[in-house]
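**Student:** I'd like to go over a predicted model; first the sequence, then the structure.
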Amino acid sequence: MLLETIRQKYEPKLNMLNQIVDEAKLELHQIAKLKTQLSKNYFDIAFIGEFTAGKSSIINALLNLDILPTHLEPTTARITFISYSDDPSIVVHYKNGENKTFSYEIDFLKKLVASNQDDIKDIRTIEIFLDHNLLKNGIRLIDTPGTNDTDEERVNITYGLLPEVDAVCYVTIHPITESNLEVFRKHILGNNIHNVFFILNKIDLNVSQFDLIVQDTKENFAKICNSKIKNLFGISALDYLEGKETEDFELIKKSNFIPFHEELINFLESGDRYNNLELQYANKIKSIALEAQNLLEIKIAGLSMPDDIFNEKRESLESELKHYSEQAKQLSQDAETEINQLTNKLETSLDHLLEEILEAVDLSVSNSEGSTELIIKQIEQGVKHKYDFWREKNEPVIKSYMETITEEVRIRLGKVVNNINLSIDKYTGRVSALESTNSSTPALLSNDKKAQSAISIASAGTYAVLAMLHFSIAPLAILLAPIGFYLYNKKKTEDRLAVKPKIMQEIQQNNSNFRRETLREIYQAKKSLIGEIDSTITEFSVKIKKQIAVVEKQRNEMKDSLESQSQSLNNNLQQIKANFLYE
């Protein structure tokens, strides 16, 4: 299928839906966004992933050009569009609306990052125009800041872009973070993006465990997608770039980049990209139509009632919405309390695990008379033994704890959403009465479940969260990285003993870094969970209240034509049902 065919099919449908929505005076901004996407001449491929995942390096490798700066600080990262032109140039778009065009230089962006830090703060986006075969036929590549960027403005620009992209290369490294999975679920699946390439970058860091980490990554994303993952490529963009530069064909092969490159080219040259794009448009139009249906039913009901009944039902609905918002707020507080309790226990457990690791390292360094290689091996075996014992004992328990929190949130949130829908049904007249379903709210975790989940947590360690959040990580790589360096440079026994405090200090520093990153992951999981509660209830309630306010205003302005107005809206409703929902 071609893009023009899709336009011919969906532009009339979207125009019809837009006309109905305009006649009914509904505010549905998604229609304008979908119109923009349908009318654009580019096929946009966005590279999405966390900071340092290697998105820029992958684009450089695809273009075989060292054009995008890598190893950027988050503050210097900007969305960059790369598209075709037979007259290469670079256009910088500033936040104040000003645009500047520059002559093309391959190191332009690197010079910009290196020398104009203040200027970068004022830049919103950058466009690069290249004479490159990959970009012909309307292909545009989009490099984005990290989804774990601490600057909300930069992240929101990326998220605001996603509803209009046509395909995504979702770039990650191992281990997969919980926030990474949440971004994919919310912003890729949530925007009905079906053209997705999963890229597991930096495999050169885990060559010996390649098959294991690829399988682990597939399983993590499969759980989110509820289907098998096919387009997942384990690559090393840096190895590929280095191999191309040095003509090292073994390194190029080792990078595993060519299979990804070939698959992407085949995809762009086939009709598959448009087949999936059609499904994306169909889902979005249906989603808009469903929202229009709900808002129309609220509006029709409000205009059809006598004044006294309308005021009574309006006050009742607003009171119930307020009550449900308070329930949602309480649910957020309960979830936060439970996760904070787990975090506190994990803090304590990490202290205990560190003590055991330091004790094992102390014995290995102090008592061994063997070679440096033997000492390192003994250290690795000692720490591995501690970790294996911890994981077998505690991972299932902590996983159960977190799953219980999540399940209780789903149950209680579902109850609130159901009650809101019942309240709307009562308001619109779809039900005549509403049985009380607002019995006392259960505790987030039962006492029995809390007691069960608390077993052995004090000896578990922060690693438990990694396992629960589908991480597959070798702690030795984090805790023992510098030890080989110090021991290899200290050959005598007395020198080894002298350097032991330095080894202990490095392990403590690495553990501190590991603690910080792990707690950040817990914070992100908590933030996502609470954000989902808030967006589910608050955004829904705001839309309903806004629509009721519009109805009240129209009732006051058009007292003599309410019946005809209701009939007109009914016609709009029937058009939506007939043309978009029950075709």
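**Tutor:** On my side now, so go ahead. These numbers were taken from a predicted model, which means no experiment stands behind them.

**Student:** so how far is residue 577 from residue 358?
**Tutor:** Look at residue 358 and residue 577: by CB to CB, to the nearest Å, they are 68 Å apart. C-betas here are computed from N, CA, C, even on glycine.

**Student:** So for the two, which sits in the more crowded spot?
**Tutor:** Neighbour tally, residue 358 and residue 577, criterion other CB atoms under 10 Å: the higher count belongs to residue 358, 17 against 14.

**Student:** Hmm, that one is touching residue 504, no?
**Tutor:** Yes: counting by CB atoms under 8 Å, residue 358 touches residue 504, with 5.9 Å between them.

**Student:** which residues do these two both contact?
**Tutor:** When contacts are counted by CB atoms under 8 Å, 6 or more residues apart in numbering, residue 358 and residue 504 have no shared neighbour.

**Student:** residues in contact with the residue nearest to residue 86 when sequence neighbours are not counted?
**Tutor:** Leaving aside its sequence neighbours, residue 86 sits nearest to residue 131 (CB to CB, 6 or more residues apart in numbering; 5.2 Å). When contacts are counted by CB under 8 Å, 6+ apart, residue 131 touches 84, 85, 86, 87, 88.

**Student:** Report the contact partners of the first one.
**Tutor:** So that's residue 84. 129, 130, 131, 132, 135, 136, 138, 139.

**Student:** quick one, phi/psi of it?
**Tutor:** Main-chain torsions, residue 84, degrees, to the nearest 10: phi -90, psi 140.

**Student:** what about residue 41, is that helix, strand or coil?
**Tutor:** With DSSP: H, G, I helix; E, B strand; the rest coil as the basis, residue 41 sits in coil.

**Student:** One more: residue 239?
**Tutor:** Per three-state DSSP, residue 239 ends up helix.

**Student:** On the pLDDT front, check it for me.
**Tutor:** Residue 239 carries a pLDDT value of 91.

**Student:** Leaving out sequence neighbours, find the closest residue to it.
**Tutor:** residue 255 (3.8 Å).

**Student:** what's the neighbour count on the one you found?
**Tutor:** 24.

**Student:** Now do it against residue 47, distance only.
**Tutor:** When residue 255 is compared with residue 47 (using CB to CB), they lie 17 Å apart.

**Student:** and if you look at residue 318?
**Tutor:** 45 Å.

**Student:** now swap in residue 410 and tell me
**Tutor:** 32 Å.

**Student:** Compare neighbour counts for those two and give me the winner.
**Tutor:** Neighbour comparison, residue 410 and residue 47: the larger count goes to residue 47, with 23 against 11 (by other CB under 10 Å).

**Student:** how far does the helix or strand hosting residue 264 sit from the chain's center?
**Tutor:** For residue 264, the host element (DSSP states H and E) is helix 257-269. Computed by CA atoms, centre = their mean, to the nearest Å, the chain-centroid distance of helix 257-269 equals 24 Å.

**Student:** Can you name every helix or strand that the helix or strand following that helix contacts?
**Tutor:** For helix 257-269, the succeeding helix or strand toward the C-terminus, using DSSP H and E, is helix 272-304. When contacts are defined as 3 or more CB pairs under 8 Å, 6 or more residues apart in numbering; DSSP states H and E, helix 272-304 sits against helix 3-23, helix 30-39, helix 372-428, helix 540-557, helix 562-576.

**Student:** Please state the offset of helix 272-304 from the chain centre?
**Tutor:** Per CA atoms, centre = their mean, the centroid offset for helix 272-304 relative to its chain is 24 Å.

**Student:** and if you look at stretch 547-555?
**Tutor:** That offset, for stretch 547-555, works out to 37 Å (CA atoms, centre = their mean).

**Student:** pLDDT of that stretch, averaged?
**Tutor:** On average, stretch 547-555 scores 80.

**Student:** Distance of residue 81 relative to residue 162?
**Tutor:** 14 Å.

**Student:** what distance separates the start and the end of stretch 40-57?
**Tutor:** 27 Å (CA to CA, to the nearest Å).

**Student:** Okay, buried residues for that stretch please.
**Tutor:** 42-50, 53-57 (16 or more other CB atoms under 10 Å).

**Student:** report the angle between the axes of the helix or strand encompassing residue 312 and helix 562-576?
**Tutor:** Taking DSSP H and E as the definition, one finds residue 312 inside helix 307-367. Relative orientation of helix 307-367 versus helix 562-576 (axes from the mean of the first three to the mean of the last three CA atoms, to 10 degrees): 40 degrees.

**Student:** Quick check: mean pLDDT of helix 307-367?
**Tutor:** Here the average pLDDT along helix 307-367 is 83.

**Student:** just for the stretch 351-500 of the chain, where's the confidence low?
**Tutor:** When residues are selected by pLDDT under 70, those of the stretch 351-500 of the chain lie in 367-373, 375-376, 380, 387, 391, 394-395, 397-399, 430-499.

**Student:** end to end, how far does stretch 121-136 reach?
**Tutor:** This stretch, stretch 121-136, spans 32 Å end to end (CA to CA).

**Student:** sorry, back to before: got a quick ChimeraX command for the buried subset of the contacts of residue 131?
**Tutor:** Buried members of the contacts of residue 131, defined by 16+ other CB under 10 Å, are picked up in ChimeraX with:
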select :84
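
**Student:** okay, the contacts of residue 131 in CSV with pLDDT and distance to residue 249 next?
**Tutor:** Below are these laid out as CSV (pLDDT from 0 to 100; distance: CB to CB, whole Å):
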residue, pLDDT, distance to residue 249
84, 95, 29
85, 94, 32
86, 93, 32
87, 93, 34
88, 94, 29
